[in-house]
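Chemist: coords below, sequence missing:
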């Protein structure tokens with residue numbers, strides 16, 4: 001009887017674990033990051049401070065999608081924003097006072113190599 005009870009308990013626990021929703025991704029804040037568009041990343045990855053607000057607001061840059069530059073050792077990578085993040089970036093860029101050397105604070109969740117942006121503000 002004890003073996004049957006233990007087996008039933010194990011089966012019930014397994015069902016709970018399988019049916020439980022996955023843990024939500026943790027919200028993160030990236031401060032003082034460089035926001036760049038996918039179109040300009042290749043040519044400006046090593047000198048992102050030269051990227052201007054005017055360029056970021058061009059249609060070809062906006063339509064290519066925004067993201068941030070991250071560093072992995074010596075390699076610089078483009079981590080893109082989700083579509084909501086792209087929309088929020090357009091609004092934040094219009095409100096930004098600076099025209100060069102833009103840095104931002106981005107709040108969101110990293111998911112599948114993409115940032116799901118909840119908010120963005122340029123300093």
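Modeler: Structure received. These numbers were taken from a predicted model, which means no experiment stands behind them.

Chemist: Could I get the full set of strands for this protein?
Modeler: Assigned by DSSP state E, the strands in the chain fall at 27-33, 35-37, 66-72, 75-80, 104-111, 114-122.

Chemist: Need the winner for burial among the ones you listed.
Modeler: Greatest average neighbour count among the strands of the chain goes to strand 35-37 (a mean of 24), per mean count of other C-beta atoms under 10 Å. (C-beta placed from N, C-alpha, C; glycine too.)

Chemist: can you list the residues that contact that strand?
Modeler: Applying C-beta atoms under 8 Å, 6 or more residues apart in numbering, the set of residues contacting strand 35-37 from outside is 44, 48, 51, 55-56, 61-62, 64-69, 78, 89, 102, 104, 106, 120, 122.

Chemist: which one of the strands of the chain lies closest to residue 97?
Modeler: strand 114-122 (8.0 Å; C-beta to C-beta).

Chemist: Distance from the closest one to the middle of the chain?
Modeler: 6 Å (C-alpha atoms, centre = their mean, to the nearest Å).

Chemist: Run the angle between that strand and strand 66-72 for me.
Modeler: 110 degrees (axes from the mean of the first three to the mean of the last three C-alpha atoms, to 10 degrees).

Chemist: For strand 114-122, what does the pLDDT average out to?
Modeler: Mean per-residue pLDDT for strand 114-122: 97.

Chemist: Then stretch 83-92?
Modeler: Mean pLDDT, stretch 83-92: 97.

Chemist: mind listing what's buried in that stretch?
Modeler: Within stretch 83-92, the residues that qualify as buried are 85-86, 88-89, 92, counting by 16 or more other C-beta atoms under 10 Å.
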